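> Return a 3D structure for these sequence lines:
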Amino acid sequence: MEQLAPPHPNHHSAADWTFQTNKWQLTDKWGTISPPYALNGTGGVCGVISNYPNTLAMPDGRLVTWFRRLGIRRAQLAFRVQSSPGPLDATGWYRVRTGTAEIDDLWYLGPTGSYLVGTWNWKDPTANWKRVRLTWWRGSTDQGIPALCVQLERWDGAAWIDLGTLYDINDMHAGAVYNMLGLVLWDDGLVYDNTEIWSPP
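From the prediction side, this is the model:
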């Protein structure tokens, strides 16, 4: 994979993202992975979609981020997002929720219906900083059926631990003009830092 953003080793700037609402802030109140600031919500739900060059049409890709939960909220990663700005649920997108005492899951959320694709058996109720790597690509199931493949990994401090790959034979929006990606802020209960975007070479 090729890293598209940020231009390593530099940070993203707020200008690299489209924010659904104004309910966000850059802060060091709860610590950072790379000073000076991390990204935090300030109320309600706020989709944060990359508008960095070459990230607007990514049917296949990878999202790597550090996050820290401050309450009960799970980190939420978004990919194959169909429009921005605008309510994510109204446009069609895939959502991964991770990083609490609840089992991680993958959903498709769309204007005419939503469904659970599957779950990963990882729970982590701690409030420590965590790092995850999400990769999605057009492939096939173990039975050879064409499908969207979605792999989730967690960083254990020394190596990536594979949590498994889920498959969606619906493969929503595979040929769409726009396939964007990003994060979801929820109240002030999540902090993100050092988010990386990768694409196939």
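> can you tell me the helix or strand for the residue nearest in space to the middle of the chain?
With distances taken as CA atoms, centre = their mean, L77 lies nearest the centre of the chain, 2.0 Å away. Take DSSP states H and E as the rule and L77 turns out to sit in strand 75-81.
> In its sheet, which strands sit next to the helix or strand following that strand, and in what direction?
Counting by DSSP H and E, the element after strand 75-81 in chain order, helix or strand, is strand 93-98. Here strand 93-98 is paired, per DSSP bridges, with strand 75-81 (antiparallel), strand 104-110 (antiparallel).
> Kindly state the beta-bridge partners for G164.
Beta-bridge pairing of G164 under DSSP bridges involves L152.
> Quick check, it in contact with L152.
Yes: G164 is within contact range of L152, at 7.0 Å (criterion: CB atoms under 8 Å). C-beta here means a position set from N, CA and C on the backbone, and glycine is covered the same way.
> In terms of neighbours, single out the busier of the two.
Using other CB atoms under 10 Å as the criterion, G164 and L152 rank with L152 on top: 23 against 14.
> In contact with that one, which residues are there?
If a contact means CB atoms under 8 Å, 6 or more residues apart in numbering, then L152 has V96, T98, D104, L106, W120, W122, V132, R133, L134, L163, G164, L166 as its contacts.
> re earlier: how about the CA coordinates for the strand holding L77, as PDB?
Presented in PDB, the C-alpha positions along strand 75-81 are these (Å, rounded to 0.1, in the frame of the first residue of the first chain):
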ATOM      1  CA  ALA A  75     -14.300   4.900  17.700                       C
ATOM      2  CA  GLN A  76     -16.100   4.900  14.400                       C
ATOM      3  CA  LEU A  77     -14.300   4.700  11.000                       C
ATOM      4  CA  ALA A  78     -16.100   5.400   7.800                       C
ATOM      5  CA  PHE A  79     -15.300   4.300   4.200                       C
ATOM      6  CA  ARG A  80     -17.000   4.300   0.800                       C
ATOM      7  CA  VAL A  81     -18.800   7.400   1.900                       C
END
